[in-house]
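*Asks:* Please find the sequence and the predicted model below.
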2 protein chains.
Amino acid sequence: MSDIRVLVVEDEPIAAAAHAAYIDRLDGFTLAGSAPDGQSALRLLTEFAAAGRPVELVLLDMNLPDLHGLDIARRMRAAGLFADSIALTAVRELNIVRSAVATGVVQYLIKPFTYATFADKLASYRQFRQQLASPGTGVPGAGASQSDVDQAFASLRAPSELPLPKGLAVSTLDSVQDFMKLQTGAVSASEVMGALGMSRVTARRYLEYLADAGTVSRTARYGAPGRPENEYRWNRPPS
Amino acid sequence: MSDIRVLVVEDEPIAAAAHAAYIDRLDGFTLAGSAPDGQSALRLLTEFAAAGRPVELVLLDMNLPDLHGLDIARRMRAAGLFADSIALTAVRELNIVRSAVATGVVQYLIKPFTYATFADKLASYRQFRQQLASPGTGVPGAGASQSDVDQAFASLRAPSELPLPKGLAVSTLDSVQDFMKLQTGAVSASEVMGALGMSRVTARRYLEYLADAGTVSRTARYGAPGRPENEYRWNRPPS
DNA sequence: CCCTTCCATGACCAATATGAACGCAACAGT
DNA sequence: ACTGTTGCGTTCATATTGGTCATGGAAGGG
């Protein structure tokens, strides 16, 4: 099977380049193009389709200068473009998730995400495609059975089981991330300890992991007696 | 949460009546209307939306006298109608499945299907909605985390019906479910072990299955030395 | 009556938050 | 400038649970 042709729609040049580089590193995917706003995205999609080499998957940022990501998805459908989309967004509102699903978004990635998360979601999608390409145990020539379809859907929405470094637990990491997202300013490890009811060592270990992953930034806090305290700040994605 | 308003689109009168009867029998769903072809389906959807009581879910037959189901879905998007759809079809072609997913079909039912299959798919969808309505384990007010979204997508996945995973028995699962429903707060695997007189391994296995299925939520309990203990909480449907 | 299949169990190893102890860097006096 | 104080960073052993594997017993089919 040939590679899945992907279009990156992202207004931040740095993020767009990063996503494009990610795509290149993944087996089974080919970068078809890149668009900084909704209008050019739709134009590119139409051109590729007209050229007989349609884009099959769109990495769709929700916050764009001219159109909302949902609008782009809607116009794609209206124009008869049947590309799947994966939403990349900082918007955490769940009602948007639902609308996105209704317009054919197959995956939903909340920024900032690690490369591992990104690769995992794309791998799920590729597996979904493979399931549809070669139905498994059914009678030959009978088409797809209900269980074939179920299995394909299952691989599409399978929860990610990403390997985390030794000593870290997924649920704890979620707690820390949720707390950090709430904070507008910077917080210290001790404050996380107090707020989440965990020990200082644990809080600091997870904050340190998030800092290494680039999810939070780390600075030193001076002015008080004692060793300078590290403070951590959630990296709010642009716009 | 009020019931989910459902529109049945089906040209066969007998099948349409059967589906409508199914909907009535299910908790959490209300029949909003029924349409025998694509044009009237779109008209009904528009009317309901204009009346401020939009249809939230469409049971969409693919083979209709005037329009194909995919066309209906496409026109719905073009008209700005954000109802989810479940495809009901005898068409077994997998490429149609993919196009259906791209246009926002959340489930795909191949005719003929049993009432159990039908109920299972709708229950999955209801759970998906519920997950989005009340993000579970995070800090209150934190919005959705990636894992919240993942879990919601996972509920949309198929497999609660046929393949109860190897090693699980229905009777034991019922016992655990009954016990969990009675608990107001969170319980640990050890507490379930003591209360039901089963081994810790067994209790944990069933709780874990319920957590994966989204029926119970799982959080970690901090504060004491030792590995953190998982506690499980029954997800009460917000009636 | 025997054989197969399936599930609960107990025992083992692995995993992970905690508390204490130690070290380090900046502030504040002398 | 030097030294003491202070508070956090860092490391390590410990406690306690999670996860897995092979075993035993019960239920069902031949």
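*Replies:* Nice, thanks for sending it over.
*Asks:* Kindly format the C-alpha coordinates of the helix or strand bottoming out on mean pLDDT in chain A as CSV.
*Replies:* Confidence across the helices and strands of chain A bottoms out at helix A:146-156, with a mean of 74, counting by mean pLDDT, DSSP states H and E. Presented in CSV, the C-alpha positions along helix A:146-156 are these (Å, rounded to 0.1, in the frame of the first residue of the first chain):
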residue,chain,number,x,y,z
GLN,A,146,-19.8,-6.3,11.5
SER,A,147,-16.9,-7.5,13.6
ASP,A,148,-14.5,-6.3,10.8
VAL,A,149,-16.0,-2.9,11.1
ASP,A,150,-16.0,-3.0,14.9
GLN,A,151,-12.3,-3.9,14.9
ALA,A,152,-11.4,-1.1,12.5
PHE,A,153,-13.2,1.4,14.7
ALA,A,154,-11.6,-0.1,17.7
SER,A,155,-8.1,0.5,16.4
LEU,A,156,-9.0,4.0,15.4
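*Asks:* which strands and helices sit next to that helix?
*Replies:* Packing partners of helix A:146-156 (3 or more Cβ pairs under 8 Å, 6 or more residues apart in numbering or on different chains; DSSP states H and E): helix A:115-133, helix B:94-102, strand B:105-110. Where C-beta positions appear, they are placed from N, C-alpha and C, glycine not excepted.
*Asks:* hmm, the first one touching chain B?
*Replies:* Just to be clear, that refers to helix A:115-133. Yes: when contact is scored as Cβ under 8 Å from any Cβ of the partner chain, part of helix A:115-133 falls within range of chain B: A:117, A:129, A:132-133.
*Asks:* From those residues, pick the one nearest residue B:206.
*Replies:* Closest to residue B:206 out of the residues of helix A:115-133 next to chain B is residue A:117 (29.2 Å), distances taken as Cβ to Cβ.
*Asks:* burial measure for that closest one, as a count.
*Replies:* 17 (other Cβ atoms under 10 Å in any protein chain shown).
*Asks:* again with residue A:226
*Replies:* As a burial measure, residue A:226 scores 5 neighbours (other Cβ under 10 Å).
*Asks:* got a pLDDT number for the residue most central in space within chain A?
*Replies:* Closest residue to the average C-alpha location of chain A: residue A:109 at 2.5 Å, with Cα atoms, centre = their mean. Among the per-residue scores, residue A:109 shows a pLDDT of 83.
*Asks:* show me the contacts for it.
*Replies:* With contacts defined as Cβ atoms under 8 Å, 6 or more residues apart in numbering or on different chains, the neighbours of residue A:109 are A:86-89, A:117-118, A:121, B:146.
*Asks:* one step back: could the residues of helix A:115-133 next to chain B go into JSON lines alongside distance to DNA strand C and pLDDT?
*Replies:* Conversion of the residues of helix A:115-133 next to chain B to JSON lines gives the following (distance: Cβ to the nearest atom of the strand, whole Å; pLDDT from 0 to 100):
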{"residue": "A:117", "distance to DNA strand C": "17", "pLDDT": "79"}
{"residue": "A:129", "distance to DNA strand C": "32", "pLDDT": "85"}
{"residue": "A:132", "distance to DNA strand C": "29", "pLDDT": "74"}
{"residue": "A:133", "distance to DNA strand C": "30", "pLDDT": "73"}
